[in-house]
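In: Got a predicted structure plus its sequence, pasted below:
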Amino acid sequence: MDTKVVRIDQQHIDRALIREAGGIIKAGGLVAFPTETVYGLGGDATNPASSRKIYEAKGRPSDNPLIVHIARMESLPAIVRYVPEAAKKLAEAFWPGPLTMIMEKSEAIPKETTGGLDTVAVRMPSHPAALQFIDASGGYVAAPSANRSGRPSPTSARYVEEDLGGRIEMILDGGDAQLGLESTIVDLTVEPPAVLRPGFITREALGEVLGQVEQDVTLFSDDGGQAPRAPGMKYRHYAPNGVLTIVRGPAEEVARYINDGLAEGRINNKKTGVIATDETIGGYKADVPRSVGKRRDINAVAKGLYRILREFDDEGVELIYSESFDGDGVSQAVMNRLLKAAGHRMIDV
Ligand code: AMP
Ligand code: MG
């Protein structure tokens, strides 16, 4: 199949292109589209055949549930059994935006879309082209991240094309994703509500609206013998081809440990990479050194992380060290993704 790639200018969104993309979804096809978090691979959430196609294009197991994207609050009641009070409050505070809420699903959403579950994950993205595209598609776009299974979520249309070119009808190219990490997921079917995936809407921010909000214990540990709460959490997450180790501790000791590791890698003829910050990157001797930006700008770290991980794979890097980005708020989202990419390999120095 030929994949049509079209550029979307956020300031002047071409309505004809959006209508064309929406027509593809209504006809049961697939369109990748920009959101503020990462690119999504969209299909009609109400059409079981479309959801099956999404899994096929991604090469992902079909019991991994998809997020249903809506463009307006009026669309929500039709796809859930009821709208919880908590959902109204959170929508008021954070929609449109990088927050996904899990609720009990209605008959309108087939089990093919929810990976066999009786619950549905719903998000209203803030990206203007995404909102127009969802409207043009009939209002309910099921979308996981637009990467092939086993690759990082795509933060630009170029990566979508690399992974899914020839497998889907269309790619809407809206430039670089503004945030770069996937949405926060909060489960509203349990009491108290629980964060299943950390993101830009932090647990603290959710707590200010709802009172008590839990954070799943498996988010930062290997699994601790606990069964994951979100079905999607059971799958092996993206990990770079190279062996990635996170090093945590005082800056000087981190630098020493990483440089020792890089030196050993060189002796063993391994291609090396390092993830550091503007402040420290000059102190490392790696084949592929990458700075995520200034350490205090955690949003920049989040935005650049997946691109850097893809670059290591593209360059054939075999041994990777990363500095740690511990902290509250968005740092939790960054560390959650980094730990998964590292298979939880972290050294305290
Ligand atoms: P992605 O779209 O690639 O960011 O992944 C979507 C993720 O959302 C899945 O892998 C699950 O972890 C989660 N998810 C979606 N729907 C549900 C649901 N009904 N219950 C729990 N988790 C869900
Ligand atoms: Mg994904």
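Out: Okay, I see it. Since we're looking at a predicted model, the values are computed, not measured. Numbering: from 1, shown residues only. Ligands and ions are numbered 1, 2, ... in the order given.

In: ok, residues contacting the least confident helix or strand in the chain by mean pLDDT?
Out: Least confident helix or strand of the chain, by mean pLDDT, DSSP states H and E, is strand 214-215 with a mean of 90. With contact meaning C-beta atoms under 8 Å, 6 or more residues apart in numbering, strand 214-215 is reached by Pro192, Pro193, Ala194, Val195, Pro198, Arg203. For glycine as for every other residue, the C-beta is placed from the backbone atoms N, C-alpha and C.

In: Go through the residues you listed and say which is closest to Ala108.
Out: Pro193 (23.2 Å; C-beta to C-beta).

In: Give the burial count for that closest one, as a bare number.
Out: Here the number of neighbours of Pro193 (other C-beta atoms under 10 Å) works out to 25.

In: Can you say which of the contacts of strand 214-215 are buried?
Out: Applying 16 or more other C-beta atoms under 10 Å to the contacts of strand 214-215, the neighbour count classes Pro193, Ala194, Val195, Pro198, Arg203 as buried.

In: residues in contact with the first one?
Out: So the one you mean is Pro193. Neighbour list for Pro193: Ala86, Val186, Asp187, Leu206, Leu210, Val213, Glu214 [criterion: C-beta under 8 Å, 6+ apart].

In: rewinding a little: can you tell me which of the buried ones among the contacts of strand 214-215 is nearest Glu56?
Out: Pro198 (29.4 Å).

In: thought Gly304 was touching Leu181?
Out: No. If you go by C-beta atoms under 8 Å, Gly304 and Leu181 don't touch, sitting 10.4 Å apart.

In: Compare the two (neighbour count), which wins?
Out: Applying other C-beta under 10 Å to Gly304 and Leu181 shows that Leu181 carries more neighbours, namely 26 against 19.

In: Setting aside sequence neighbours, what's the nearest residue to the more buried one?
Out: Leaving aside its sequence neighbours, Leu181 sits nearest to Ala302 (C-beta to C-beta, 6 or more residues apart in numbering; 4.8 Å).

In: Let me see the contact set for that neighbour.
Out: Contacts of Ala302 by C-beta under 8 Å, 6+ apart are Leu179, Gly180, Leu181, Phe200, Val330, Ala333, Val334.

In: make it 10 Å
Out: Contacts for Ala302 (C-beta atoms under 10 Å, 6 or more residues apart in numbering) come out as 37, 155, 179-181, 199-200, 292-293, 325, 330-331, 333-334, 337.

In: Let me know the closest of the contacts of strand 214-215 to Phe33.
Out: Nearest member of the contacts of strand 214-215 to Phe33, counting by C-beta to C-beta, is Pro198, at 23.7 Å.

In: ok so, going back, of all the buried ones among the contacts of strand 214-215, which two lie farthest apart?
Out: Checking these with C-beta to C-beta, the most distant pair is Pro193 and Pro198, at 13.7 Å.

In: distance between stretch 253-271 and the chain's centre?
Out: Averaged C-alpha coordinates place stretch 253-271 at 30 Å from its chain's average position (C-alpha atoms, centre = their mean, to the nearest Å).

In: From His127, how far out is Pro96?
Out: Applying C-beta to C-beta, to the nearest Å, the value for Pro96 to His127 is 8 Å.
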